[in-house]
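A.B. asks: Compute the structure for the input listed below.
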Amino acid sequence: MQPADITPLPTAFRRIGWSNLFAQFSEQIALAAAPLAAVLLLAAGPAETGWLQTAQTLPFLLLSIPAGLMVDRASRRRLMVGTEVLRAVSLLAIPLLLALGSLDLTWLGVLGALGAVGTVCYSVAAPAFVPSVVPRARLADANRWLELARSAAYAGGPALGGALVGWIGISSAYGLAAGLSIFAALLLAGLPKDEAPSGPRRDLLHDLKEGARFVAGHDLLRPILMTAVFFNVSWFIFQAVYVAYAVQNLGLSATQVGITLGIYGAGMIVGAACASQVARRVSFGTLILLGPFAGLCAAGVMLATLWFPSIYLVAASFFLFGVGPIIWSISTMTLRQAVTPNAMLGRVSALIMTATFGARPVGAAIGATVATHLGIAACLQLATAGFLIQLLLIGFSRVPRLRDVSELA
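C.D. replies: Prediction:
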């Protein structure tokens, strides 16, 4: 692949990048605080934390397609600003309820779902907005910086959230998360104005079918979609029970749980920082394959903690979960942007997000159910089997044979 262009990316993109950093930090702090609040304050067990994860991720399943249709029809800037403000409001409501003595698992799940609406709309709108402010030749660089920011949030957010919960309480964690969302909204408000597409209004169902046909008929997007579905289901089977497993079975404290989740982010930082170097040494298809392979390795290491309980094995697993899949995210987003017409990017991103991120509540529900009836060990075994399937799906497709991103033109 060609050496990376070192000229600065456009100012508008830098605003998106900073807002992405703040929004991702906000999300990760809140996601770390929620199950800790459930376990430490509300005496929740593995099943309850699993259903909490289901509620917090349900908007990805229910709202990704509506958000994608809005992205292709309305101002992407206004959509991102509005839903980021909504997330800030939902985050501020939790310490308020806690102060009033009214916080329970239901409120925690409902407000977590409301906050996730911001994540859904941002995640659909940002990939569609970026190609309008970044030249095609710089898309990989732009995506790498976005993922690097996300990686930093995954590294620092959970550790900071866990530390705040352990040291000075739930309210401080949620207050900081809300403040970061407000900063993100202010940055997004300064982006160039974009107007809704002109012309006659299109039929919603027609637009949706058009996007679905494009993804289902594309020999590169289809296996990527299927791989991501199995990855996310498996990841959230594990995520649904991890906090309860770490606290109750491995004996980790709230701070240690935050640190292990932060190591996941550290792996993402390493992966994002090294992505351009790795891309110059392997083919584009091999670059994409690294994520699913690392996911299977990580699942195997976590499975070993059933017999060898160790925070070091947990840390190694989370590091692998971060380092490989972040390279997957960068490379597959570049592929999606390169092969999809801009007018269809919102719908295509939404469909992929529905099937992949929407798999999260499915995985969390499976994790909660399996933990209730068969135990945590069965959850870890089932998740590992899923990670094996996702590697086989991408491995036997045409994707690993891609030599360079220029083949996508």
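A.B. asks: May I have whichever strand or helix holds Met302 as CSV, with CA atoms only?
C.D. replies: Assigned by DSSP states H and E, Met302 belongs to helix 284-304. Extracted in CSV, the C-alpha atoms of helix 284-304 (Å, rounded to 0.1, in the frame of the first residue of the first chain):
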residue,chain,number,x,y,z
PHE,A,284,-5.7,-5.3,2.5
GLY,A,285,-7.5,-8.7,2.8
THR,A,286,-5.1,-10.0,5.4
LEU,A,287,-5.5,-6.7,7.3
ILE,A,288,-9.2,-7.3,7.6
LEU,A,289,-8.7,-11.0,8.6
LEU,A,290,-6.5,-10.0,11.6
GLY,A,291,-9.5,-8.8,13.6
PRO,A,292,-11.6,-12.1,13.6
PHE,A,293,-8.4,-14.1,14.2
ALA,A,294,-7.5,-12.0,17.3
GLY,A,295,-11.1,-12.3,18.5
LEU,A,296,-10.9,-16.1,18.6
CYS,A,297,-7.5,-16.0,20.3
ALA,A,298,-8.9,-13.6,22.9
ALA,A,299,-11.9,-15.8,23.6
GLY,A,300,-9.7,-18.8,24.1
VAL,A,301,-7.6,-16.9,26.7
MET,A,302,-10.7,-15.8,28.6
LEU,A,303,-12.1,-19.3,28.5
ALA,A,304,-8.9,-20.4,30.2
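A.B. asks: What is the subsequent helix or strand relative to it?
C.D. replies: helix 311-339.
A.B. asks: Run through the neighbouring helices and strands of that next one.
C.D. replies: helix 105-133, helix 139-167, helix 221-244, helix 254-279, helix 284-304, helix 345-356 (3 or more CB pairs under 8 Å, 6 or more residues apart in numbering; DSSP states H and E). The C-beta positions use only the backbone N, C-alpha and C, and glycine is treated the same way.
A.B. asks: related to what we said a few turns ago, tell me what angle the helix holding Met302 forms with helix 254-279.
C.D. replies: 160 degrees (axes from the mean of the first three to the mean of the last three CA atoms, to 10 degrees).
A.B. asks: Relative to Leu290, how far out is Leu402?
C.D. replies: Taking CB to CB, to the nearest Å as the criterion, Leu402 is separated from Leu290 by 13 Å.
A.B. asks: helix or strand right after the one helix or strand in the chain whose mean pLDDT sits lowest?
C.D. replies: Using mean pLDDT, DSSP states H and E, the weakest-scoring helix or strand in the chain turns out to be helix 139-167, at a mean of 71. Downstream of helix 139-167, the next assigned helix or strand under DSSP H and E is helix 170-189.
A.B. asks: angle of the helix holding Met302 against helix 311-339?
C.D. replies: 150 degrees.
A.B. asks: can you pull the buried residues of helix 284-304?
C.D. replies: 284-299, 301-304 (16 or more other CB atoms under 10 Å).
A.B. asks: which other helices and strands contact it?
C.D. replies: Helix 284-304 packs on helix 221-244, helix 254-279, helix 311-339, helix 376-395, going by 3+ CB pairs under 8 Å, 6+ apart.
A.B. asks: Residues contacting the last one, please?
C.D. replies: With CB atoms under 8 Å, 6 or more residues apart in numbering as the test, helix 376-395 has contacts from 46, 223-224, 226-231, 233-235, 237-238, 240-241, 244-245, 249, 288-289, 292-293, 295-296, 298-300, 302-303, 306, 366-367, 370-371, 400.
A.B. asks: Looking at that helix now, give me its mean pLDDT.
C.D. replies: Computed over helix 376-395, the mean pLDDT rounds to 95.
A.B. asks: again, but for the longest one
C.D. replies: The predicted model gives helix 311-339 an average pLDDT of 88.
A.B. asks: buried ones in it?
C.D. replies: 311, 313-338.
A.B. asks: isn't Val278 right up against Gly291?
C.D. replies: No: if you go by CB atoms under 8 Å, Val278 and Gly291 don't touch, sitting 11.3 Å apart.
A.B. asks: Between those two, which contacts overlap?
C.D. replies: Residues touching both Val278 and Gly291 (CB under 8 Å, 6+ apart): Ile327.
A.B. asks: end-to-end on stretch 279-286?
C.D. replies: Start-to-end span of stretch 279-286 (CA to CA, to the nearest Å) is 9 Å.
A.B. asks: Distance check, Ser324 against Phe318.
C.D. replies: Actually, residue 324 is Gly rather than Ser. From Gly324 to Phe318 the distance is 12 Å (CB to CB).
A.B. asks: so what's in contact with these two at the same time?
C.D. replies: Ala298.
A.B. asks: got any ranges where the stretch 51-200 of the chain has weak pLDDT?
C.D. replies: 151, 154-168, 195-200 (pLDDT under 70).
A.B. asks: ok, how many other residues are close to Val278?
C.D. replies: 15 (other CB atoms under 10 Å).
A.B. asks: next one: Leu69
C.D. replies: Each residue near Leu69 was counted by other CB under 10 Å, and the total is 20.
A.B. asks: In what element of secondary structure is it found?
C.D. replies: helix 46-71.
A.B. asks: could you give the angle of that helix to helix 221-244?
C.D. replies: 140 degrees.
A.B. asks: shift numbering so it begins at 47
C.D. replies: Sounds good: first residue 47 from here, last item helix 92-117.
A.B. asks: buried set for helix 92-117?
C.D. replies: Those would be 92-117, for helix 92-117 by 16+ other CB under 10 Å.
A.B. asks: Now Gly297: phi and psi?
C.D. replies: phi 70, psi 30 (degrees, to the nearest 10).
A.B. asks: now do Thr386
C.D. replies: According to degrees, to the nearest 10, Thr386 has phi -110, psi 130.
A.B. asks: Over to Val328?
C.D. replies: Dihedral angles (degrees, to the nearest 10) for Val328: phi -130, psi 170.
A.B. asks: give me the number of residues near it?
C.D. replies: Val328: 13 neighbours (other CB under 10 Å).
A.B. asks: now do Leu428
C.D. replies: 18.
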